[in-house]
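A.B. asks: sequence? don't have it. structure:
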């Protein structure tokens, strides 16, 4: 180990909840800005912009043991 510390430029957190019930929440934080919302597609778009800019991103999920993959984001529960 070189003693380097991972210091992400962007921190993204998401609480999956239930899209059908409307209880999804997310936040994407940078040193000088903050974006929040309830739409999973918007979260993906916001994180994608930072990824395309080649910024380091730490992503955190609210506590599920797994996130089921679905083609339709509204079917994730």
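C.D. replies: Yep, it's here. The structure displayed is predicted, hence computed values, not measured ones.

A.B. asks: Which helix or which strand is home to residue 27?
C.D. replies: Using DSSP states H and E, residue 27 sits within strand 25-30.

A.B. asks: Which secondary structure elements does that strand sit against?
C.D. replies: Contacts defined by 3 or more C-beta pairs under 8 Å, 6 or more residues apart in numbering; DSSP states H and E place strand 25-30 against strand 10-15, strand 33-37, helix 40-52. Using the backbone N, CA and C atoms, a C-beta is placed for each residue, glycine as well.

A.B. asks: mind listing what the shortest one pairs with, with the direction of each?
C.D. replies: Using DSSP bridges, the strands paired with strand 33-37 in its sheet are strand 25-30 (antiparallel).

A.B. asks: ok, residues contacting the partner strand?
C.D. replies: Here strand 25-30 makes contact (C-beta atoms under 8 Å, 6 or more residues apart in numbering) with 9-15, 17, 34-38, 40, 43, 46-47, 50.

A.B. asks: Flag every buried residue along it.
C.D. replies: Across strand 25-30, burial judged by 16 or more other C-beta atoms under 10 Å covers 26-28.

A.B. asks: Distance to residue 4 added to those, as JSON lines?
C.D. replies: Output for those, formatted as JSON lines (distance: C-beta to C-beta, whole Å):
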{"residue": "26", "distance to residue 4": "28"}
{"residue": "27", "distance to residue 4": "26"}
{"residue": "28", "distance to residue 4": "24"}
